[in-house]
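A.B. asks: Got a predicted structure here, sequence first:
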Amino acid sequence: MTVIAANDDVAARDWREAVREAAAALVAAGAAGEGYPAACERVVEENGPYIVLTKGLALVHARPEDGGLAVGVGVTRLAAPVEFGHPDNDPVDLLLAFCTPDPDAHVGTLAALARSLSGGLAGRLRAAPGREDLARALKEAVPDA
Amino acid sequence: MALDRRLEVLAVCGVGMGSSLMLKMTAEDALSSLGVDARVENTDVSSARGMSPDVVIGQGMHTGEIADLAPVVITISDFLDKDGLAAQLKERLTEQGWLP
């Protein structure tokens, strides 16, 4: 069972705030522990902006031991886009965050998400009229949510 | 000469469990569209150093660190761009004589 979270019209001054807000949605939904947002920020600090997977979209996450309590996926739509310093895919207006309690539990969920992203999920998330619709669009993309 | 075995492909990212998993899915689709029999795994850059795949795929900030790891190292910036990846794979695998 995957936990779903959605955050709309989020104000973020920079990528750090955006990443923390995206991860905080998972904490609020009970899928991740309090330390998860800071851990997600560190992943980008240590590894660079590679989490910006495609134009305008970042995949936010840390490791299971950083506070993954359940498999959770959250979508965060920013009020205004931020720069991550990615050579091709900036600026970012949409963030997908996930957490997982162990290194394998999330694989099915992420695979489904990847298929949905190839099938235009990012466009559907951007077009969703409000938070409820945003959550519904994400939920449809994750089979066991 | 075509490979007489399954092509070993490695998708890399910083942590090895999110972005590289997305990339693995994209790579599987791209390879299957080319009719290539391949096994795609995903991992982080540090673990990748101990492996010996035929093909490595990742973002430039990572493939730059492991440019000598495999005969074919492919850099992409859009992890969801199946067609772009298929085009790069086609060109690079043809150079190696690995396409069926």
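C.D. replies: Sure, I can see it. Keep in mind that what you see is a predicted model, and the values were worked out from it rather than measured. Residues are numbered from 1 along each chain as shown, chains lettered A, B, ... in the order given.
A.B. asks: okay, CA-based contacts and neighbour counts for the rest of this
C.D. replies: OK.
A.B. asks: Let's see the pLDDT reported for residue 3.
C.D. replies: Using chain A here. On the pLDDT scale, A:Val3 is placed at 96.
A.B. asks: try again with chain B
C.D. replies: Looking at B:Leu3, its pLDDT stands at 80.
A.B. asks: any idea which element the closest residue to it other than its chain neighbours lies in?
C.D. replies: Distances taken as CA to CA, 6 or more residues apart in numbering or on different chains place B:Trp98 nearest to B:Leu3, at 5.4 Å, with adjacent residues excluded. Assignment of secondary structure by DSSP states H and E places B:Trp98 within no helix or strand.
A.B. asks: State the number of residues packed around the residue of chain B found nearest chain A.
C.D. replies: Per CA to the nearest CA, the residue of chain B with the smallest distance to chain A is B:Asp78, at 4.5 Å. For B:Asp78, the neighbour count with other CA atoms under 10 Å in any protein chain shown is 19.
A.B. asks: Run through the residues that contact B:Leu99.
C.D. replies: By CA atoms under 8 Å, 6 or more residues apart in numbering or on different chains, the contact set of B:Leu99 is B:Ala2, B:Leu3, B:Val36, B:Lys90, B:Leu93.
A.B. asks: Write out the residues of chain A neighbouring chain B.
C.D. replies: Within reach of chain B by CA under 8 Å from any CA of the partner chain, chain A has these residues: A:43, A:47-48, A:50-51, A:53-55, A:59, A:61-63, A:88-89, A:103, A:107, A:110-111, A:114-115, A:117-118.
A.B. asks: out of these, which are buried?
C.D. replies: For those, a burial check counting by 16 or more other CA atoms under 10 Å in any protein chain shown picks out A:43, A:48, A:50-51, A:53-55, A:59, A:61-63, A:89, A:107, A:110-111, A:114-115, A:117-118.
A.B. asks: Just these: which are in strands?
C.D. replies: Among these, the residues falling in strands (DSSP state E) are A:Leu53, A:Thr54, A:Leu59.
A.B. asks: separation between B:Lys82 and A:Gly56?
C.D. replies: From B:Lys82 across to A:Gly56, the span is 17 Å (CA to CA, to the nearest Å).
A.B. asks: Would you map the strands across chain A?
C.D. replies: A:3-10, A:52-54, A:57-60, A:72-82, A:92-99.
A.B. asks: looking at these, which is buried most?
C.D. replies: strand A:92-99 (a mean of 26; mean count of other CA atoms under 10 Å in any protein chain shown).
A.B. asks: Remind me what it packs against, helices and strands.
C.D. replies: helix A:15-28, strand A:57-60, strand A:72-82 (3 or more CA pairs under 8 Å, 6 or more residues apart in numbering or on different chains; DSSP states H and E).
A.B. asks: Keeping just the C-alphas, turn that strand into PDB.
C.D. replies: Backbone C-alpha positions of strand A:92-99 (Å, rounded to 0.1, in the frame of the first residue of the first chain) are rendered in PDB as follows:
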ATOM      1  CA  VAL A  92      11.800  23.100 -11.800                       C
ATOM      2  CA  ASP A  93       8.100  23.700 -11.000                       C
ATOM      3  CA  LEU A  94       7.100  20.100 -10.100                       C
ATOM      4  CA  LEU A  95       8.600  17.800  -7.500                       C
ATOM      5  CA  LEU A  96       7.900  14.100  -6.900                       C
ATOM      6  CA  ALA A  97       9.100  12.900  -3.600                       C
ATOM      7  CA  PHE A  98       9.300   9.300  -2.400                       C
ATOM      8  CA  CYS A  99      10.300   7.300   0.700                       C
END
